[in-house]
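In: The following comprises the amino acid sequence and a computationally predicted model.
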Amino acid sequence: MTTSPVPAYQAFYPPIAVLGLTLSGVRLYNNVDNDEYTITYYSIWELVGTPRGASIGLISLIILGSFVAISAYMYLRPPTSPVLPIIASTLAALAALMLTFKAGASNLVPATLSDGGRMMFVLTWASCVFTAVHAAHILFAKRRYWPEAPVSN
């Protein structure tokens, strides 16, 4: 059994996963209430129960669940190849892009991120960068310390 060339990253995955799960329960956008109309936004979990937002909510929960599962696995068994961090980085990038382009928000008025939405926005982009750096570090550490070892599992 080989050990991870970069075990220090392993300690950061549980807090990222727990914070992501916690922030999934808060409303991502501020409600809009003016004279013409009222737009109410929901958390990811509540969005699944609405007819208009069920698909976006379900996709968001699948991305979140996959990221949390991969983070838990990388905590329990630090990766020896960059494959899992690359997958986690891709999932975090998808979530970050969904927040950047405000998927599930109304087109009537520009949606503004709530405080929880801003925290989720920062968390997704930070997770994307963190996991990409972890993957690059594993890749370069393998080439430096184990030049004869294959790059993938």
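Out: Cool, got the structure.
In: and the worst-scoring helix or strand of the chain on mean pLDDT, what does it pack onto?
Out: The helix or strand of the chain with the poorest confidence is strand 38-39; it has a mean of 82 (mean pLDDT, DSSP states H and E). Here strand 38-39 touches strand 32-33, going by 3 or more CB pairs under 8 Å, 6 or more residues apart in numbering; DSSP states H and E. For the C-beta atoms, the positions are set from N, CA and C on the backbone; glycine is no exception.
In: could you give the mean pLDDT of the strand it packs on?
Out: What strand 32-33 shows for mean pLDDT is 84.
In: Go ahead and measure how far that strand is from the middle of the chain.
Out: Centre-to-centre, strand 32-33 and its host chain are 28 Å apart (CA atoms, centre = their mean, to the nearest Å).
In: which one's the longest helix in the protein?
Out: helix 115-145 (DSSP state H).
In: Could you list the buried residues of it?
Out: For helix 115-145, burial by neighbour count (16 or more other CB atoms under 10 Å) applies to 116-117, 119-121, 123-125, 127-128, 130-132, 134-135, 137-139, 142.
In: Report pLDDT for residue 149.
Out: For residue 149, the predicted pLDDT is 53.
In: quick one: low-confidence ranges for the chain?
Out: Applying pLDDT under 70 to the chain flags residues 1-7, 106, 108, 142-153.
In: What degree of burial does residue 107 show, as a neighbour count?
Out: 7 (other CB atoms under 10 Å).
In: What strand or helix carries it?
Out: Taking DSSP states H and E as the definition, one finds residue 107 inside no helix or strand.
In: What residues does the spatially most central residue of the chain make contact with?
Out: Centroid check for the chain by CA atoms, centre = their mean gives residue 92 as the closest residue, at 3.3 Å. Each residue near residue 92 by CB atoms under 8 Å, 6 or more residues apart in numbering is listed here: 67, 124-125, 127-128, 131.
In: Spell out, range by range, the helices that occur in the chain.
Out: 13-23, 44-47, 54-76, 83-100, 115-145.
In: End to end on stretch 107-116, go ahead and measure it.
Out: 21 Å (CA to CA, to the nearest Å).
In: what sits up against that stretch?
Out: 23, 26-30, 32, 37, 39, 41, 99, 102, 105, 121.
In: which of those residues sit farthest apart?
Out: Largest separation among those by CB to CB: 23 and 37, giving 27.4 Å.
In: Neighbour count for the two, which is higher?
Out: Taking neighbours as other CB under 10 Å, residue 23 and residue 37 compare with residue 23 leading, 21 against 10.
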